[in-house]
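1. Structure here, sequence nowhere to be found:
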């Protein structure tokens with residue numbers, strides 16, 4: 001099982017994802033593929049995301065039961081904490097006044 005969530009993705013990428021995966025909500029795509037197909041889909045996302053961002057979540061034999069990868073600019077950054085993946089938030093950009 002895999003889930004891809006995209007924000008500010010180009011329409012062409014959203015259309016390609018809809019061919020491979022089911023769009024259950026706006027920008028949320030779900031499917032059930034093996035490792036090789038998942039990696040090929042993720043490579044397509046990374047190459048076509050442009051100024052948007054995306055996260056891929058998939059089942060894996062970890063303590064949490066899943067693994068995730070991100071691409072593009074986002075305040076959320078994955079951090080490895082003794083083999084356990086957590087999410088860190090970058091500070092908001094200061095407004096230029």
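-> Thanks, I have it. Keep in mind it's a predicted model, so treat the numbers as computed, not measured.

2. Distance check, the closest residue in space to residue 60 that isn't next to it in sequence against residue 42.
-> Counting by CB to CB, 6 or more residues apart in numbering, residue 60 lies nearest to residue 67, which is 4.2 Å off, once chain neighbours are set aside. Quick note: C-beta positions are derived from backbone N, CA and C, even for glycine. For residue 67, the distance to residue 42 (CB to CB, to the nearest Å) stands at 12 Å.

3. quick one, which of those two is more surrounded?
-> Neighbour tally, residue 67 and residue 42, criterion other CB atoms under 10 Å: the higher count belongs to residue 42, 17 against 14.

4. Does the more buried one lie in a helix or a strand, and which?
-> Assessed by DSSP states H and E, residue 42 sits inside helix 35-48.

5. and for the following helix or strand past that helix, what are the contacting residues?
-> As assigned by DSSP H and E, the chain's next helix or strand after helix 35-48 is strand 53-59. Residues from elsewhere that reach strand 53-59 (CB atoms under 8 Å, 6 or more residues apart in numbering): 1-9, 38, 42, 45-46, 65-74.

6. Can you tell me the strand partners of strand 53-59 and which way each runs?
-> strand 2-7 (antiparallel), strand 66-72 (antiparallel) (DSSP bridges).

7. which stretch in the ones you listed has the least confidence?
-> When those are ranked by mean pLDDT, strand 66-72 comes last with a mean of 89.

8. how distant is that one from the center of its chain?
-> Between the centre of strand 66-72 and the centre of its chain there are 5 Å (CA atoms, centre = their mean, to the nearest Å).

9. and the angle for it with helix 35-48?
-> Here strand 66-72 runs at an angle of 20 degrees relative to helix 35-48 (axes from the mean of the first three to the mean of the last three CA atoms, to 10 degrees).
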